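>>> here is my input, please return the structure:
(one chain, ligands or ions: 1)
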Amino acid sequence: MYEGKAKQIYSTDDPNQVLMKYKDEATAFDGLKKGIIENKGIVNNRVSNLLMGLLEKEGIETHLVRQIDERNVLVKNLRIIPVEVVVRNLIAGSLAKRVGKEEGMPLPATIIELYYKNDELHDPMINEYHARVLGWATDEQLKEMHSQAERINEILKKFFDSIGIILVDFKLEFGLYQGRVILGDEISPDTCRLWDKESLEKLDKDRFRRDLGKEAEAYQEVVRRIETAVAAVNG
Ligand code: UDP
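Numbering: from 1, shown residues only. Just a heads-up that it's a prediction; the model follows:
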């Protein structure tokens, strides 16, 4: 049905469900930098499904139906809202540049930003007026996205902290399913900034973006810690 930078989407016999396949291809800077992170697709599929499972347990509805195999997951067929939601706990990345502050400064409260999901326009930052007036999301949907993003942040911040990782920032995508706004896309080291609590070592896509090396190892470390924690909870 569709091929994106990191995933392919296939239709299924059920129009309400699609198959999402994770690839190892990595891109950064609007596709200008391209590469492969070995087994990234396998790690991101696993990480995203485990995290979404965790969110479901806390009452957040996600698109997750069930993981099919290493790289494939069955998900609800959402109509994606073209507004990306970025949640920030510490200053990093584009925010550090925009406001001229050092990366790593903690924020006294969460910052939520909206971006228009449009590759040609390089995902420009927008505000709620743009989203509402230009018809990308209703006021009600935006409120729902904000409140879910805040809750997701609280749940994930606590979880990552318990496995020795600082959740610096991350990006979410929501979509419509049977009239409800629910979480879609992925939550993985591709879409989060994850720093080791002790060493502050980066365990995310910044290793690729910034040529820090050992990308595959960092991704493996994240999935290893998450799997250990989830296994402990499930006995
Ligand atoms: N992010 C993402 N997809 C995007 C843009 C950002 O997953 O198209 C994630 C990114 O990995 C980081 C957070 O959103 O965890 C904030 O990204 P930022 O705005 O700092 O942009 P960057 O400098 O990473 O491009």
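
>>> need phi/psi at the closest residue to the ligand within the chain.
Residue of the chain nearest the ligand, by C-beta to the nearest ligand atom: residue 93 (2.2 Å). All C-beta spots, glycine's among them, are computed from the backbone N, C-alpha and C. Backbone torsions of residue 93, given as degrees, to the nearest 10, read phi 50, psi -130.

>>> contacts only, for it.
For residue 93, the contact set (C-beta atoms under 8 Å, 6 or more residues apart in numbering) comprises 103, 169, 193, 206.

>>> in ChimeraX, select just the buried ones from those residues.
Here is the ChimeraX command that selects the buried residues among the contacts of residue 93 (16 or more other C-beta atoms under 10 Å):
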select :169,193,206
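
>>> pull the distance from whichever strand in the chain runs longest to the chain's centre.
Looking across the chain with DSSP state E, the single longest strand is strand 106-116. Between the centre of strand 106-116 and the centre of its chain there are 15 Å (C-alpha atoms, centre = their mean, to the nearest Å).

>>> helix, strand, or coil at the closest residue to residue 90 other than its chain neighbours?
Excluding the flanking residues, the one nearest residue 90 by C-beta to C-beta, 6 or more residues apart in numbering is residue 168, at 4.6 Å. For residue 168, the secondary-structure state derived from DSSP: H, G, I helix; E, B strand; the rest coil is strand.

>>> show the pLDDT at residue 168.
Listed pLDDT for residue 168 reads 98.

>>> need the residues of the protein near the ligand, please.
Neighbours of the ligand within the chain, by C-beta under 6 Å from any ligand atom: 86, 92-95, 123, 169-171, 191-193, 205.

>>> need these in a markdown table (columns: secondary structure).
Compiled in a markdown table, these are given as follows (three-state DSSP):
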| residue | secondary structure |
| --- | --- |
| 86 | strand |
| 92 | coil |
| 93 | helix |
| 94 | helix |
| 95 | helix |
| 123 | coil |
| 169 | strand |
| 170 | strand |
| 171 | strand |
| 191 | coil |
| 192 | strand |
| 193 | strand |
| 205 | coil |
